[in-house]
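*Asks:* Sequence first, then the predicted structure, then my questions.
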Amino acid sequence: TIGPLGAGKATLIGNTWCVFAAIMATFVLHERLGVVKVLGIMLALSGLALLTGLTPVSLVVFGKYEAIALGGAVMAAAVVVVIRQLTRTETSATIFASQCLYALLIGIPVAAMNFTSLGWMDAGLLSAAALCATFGQLAMTEGFRFLSVAAGGAFQNTVPVLTTLGGIMFFAEPFSTMQSLGAVLVLRDVSEQHRLNR
């Protein structure tokens, strides 16, 4: 979804996983979700609607790529809830290794269908991205050993902010006033979830 939507919008939609994870964790892990958190989640979902163009005023439905990004957010939320549960019995390395194995099994056929060739620069950049993702995922997995799903998800607040700013600065990605308002509402809730869980 990054190509069609832009890095900022795709990441903002994808990062709503922390909202969905907090809801799922309430039912699956019996983590507490108070009234303030529920109101914050409703506010974040309103921001998501503005960000994607799904508003009562415009009556525009999700496009294909918005739906894919949102589906990814819901699946990521389920994965985080599973990670939180697994941290009670498994090491972070074991959890991460299983994620890598299954992602590889799913990703190889898709990559093989679209593979052309890689230059040295491409291979280097992909390797650097893989290393960054590895260290980031290991740190996040270890963090969920000590934090609730809502608190751990809230720490991800910097990801969409930096990605959106990078998309605007480096790729001139446009954001309408309504999309910007939606992004602020989504990020505001994530920050509030972090404050409530400290």
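*Replies:* Noted; the coordinates are in hand.

*Asks:* Could you use CA atoms for every contact and neighbour count after this?
*Replies:* Noted.

*Asks:* helix/strand/coil for Ser117?
*Replies:* Look at Ser117: counting by DSSP: H, G, I helix; E, B strand; the rest coil, its state is coil.

*Asks:* any idea how far it lies from Thr163?
*Replies:* 27 Å (C-alpha to C-alpha, to the nearest Å).

*Asks:* Which one of the two is surrounded by more residues?
*Replies:* Shown here are Ser117 and Thr163; by other C-alpha atoms under 10 Å, Thr163 has more neighbours (18 against 7).

*Asks:* Name the nearest residue to the more buried one, ignoring sequence neighbours.
*Replies:* Gly8 (5.4 Å; C-alpha to C-alpha, 6 or more residues apart in numbering).

*Asks:* Just give the number of residues close to the one you found.
*Replies:* Gly8 has 25 neighbours, counted by other C-alpha under 10 Å.

*Asks:* and what of Thr116?
*Replies:* Here the number of neighbours of Thr116 (other C-alpha under 10 Å) works out to 7.

*Asks:* quick one: contacts for it?
*Replies:* Applying C-alpha atoms under 8 Å, 6 or more residues apart in numbering to Thr116 gives no contacts.

*Asks:* for it, phi and psi?
*Replies:* Reported as degrees, to the nearest 10, the phi and psi values for Thr116 are phi -110, psi -80.

*Asks:* Tell me the pLDDT of it.
*Replies:* Per-residue pLDDT puts Thr116 at 79.
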